[in-house]
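Visitor: kindly generate the corresponding structure for this input.
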Amino acid sequence: MGFNWLGAVSYAIDKIPFEKLMSRPKDRTQELRELKEIFSKPKTIEQPEVPQERRETNHLSFTHELESEQEERPKVRLERKPESVSTVTTAETVQYQNREIGKILLQMERHASQKFRIAGRICDCGQSRHLLDLESMAEETISMVENPQIYFKILDYVKEVGPKATVEAVTSGKYDDEYPSFVKRARDLRKELLGTLEASALFPPKDKEVDRAEEPVTAEAG
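Guide: Numbering: from 1, shown residues only. The predicted structure follows:
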């Protein structure tokens, strides 16, 4: 004998209340919307307000600790020691600068006479180190002397020679006829600066007494 499906369904229907069969399921959309709004709001944790008196006490305590820590740190004081103070005078410094500038001018004479070539090949001997040294030393010495006119002439020389002594300019051959004039100008500047073209002027005097008198320093003129 088969299972009585019809009887089982009838029995189940009899057990379900009639009002539940006839009513629609409750719409819970509004409830879900409210829950979503609740969970989407950022949570804020209310901090208990610290009394003003306690805040001031904490600040004073922190300041006191900071001051104590600073007092404990060793203080560094830069003091000149008598044995570490330079004894070189301004006059000696200017004489040194002039000798070094004279040496660079002599190098420029040689390179310009060779048309900025070594063994027949183009070099950068006129544009980089020599002119840079010449410019920096002339600028440095200007503030040390009372009459800096010669140093401004040297800076004009650097400004004119620089662009015409680059590898590109030398390679072009455009300025080959001007290079001899650069030789003469460098020689004239060296004589005006040192007062002579003698090679001995490029080295510090050995047997002469160095003048340490505190007098205004001026560049020697030829």
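
Visitor: stretch 87-101 - what's its average pLDDT?
Guide: Average pLDDT, stretch 87-101: 93.

Visitor: in it, what's buried?
Guide: Judged by neighbour count (16 or more other C-beta atoms under 10 Å), stretch 87-101 contains these buried residues: Ala91, Val94, Gln95, Gln97, Asn98, Ile101. The way it works is simple: take the backbone N, C-alpha and C, and place the C-beta from them, glycine included.

Visitor: which of the residues you listed fall in strands?
Guide: Using DSSP state E, no member of the buried residues of stretch 87-101 falls within strands.

Visitor: what helices and strands are in contact with the longest helix along the chain?
Guide: Using DSSP state H to define each element, the chain has its longest helix at helix 90-113. Secondary-structure packing of helix 90-113 (3 or more C-beta pairs under 8 Å, 6 or more residues apart in numbering; DSSP states H and E): helix 129-142, helix 149-164, helix 179-194.

Visitor: verify the stated contact: Arg117 with Cys123.
Guide: Yes: at 6.3 Å, Arg117 and Cys123 qualify as touching, with contact defined as C-beta atoms under 8 Å.

Visitor: what sits in contact with each of those two?
Guide: Val170 (C-beta atoms under 8 Å, 6 or more residues apart in numbering).

Visitor: let me see the contact set for Phe116.
Guide: Contacts of Phe116 by C-beta under 8 Å, 6+ apart are Ile122, Cys123, Cys125, Gly126, Ala165, Val170, Tyr179.
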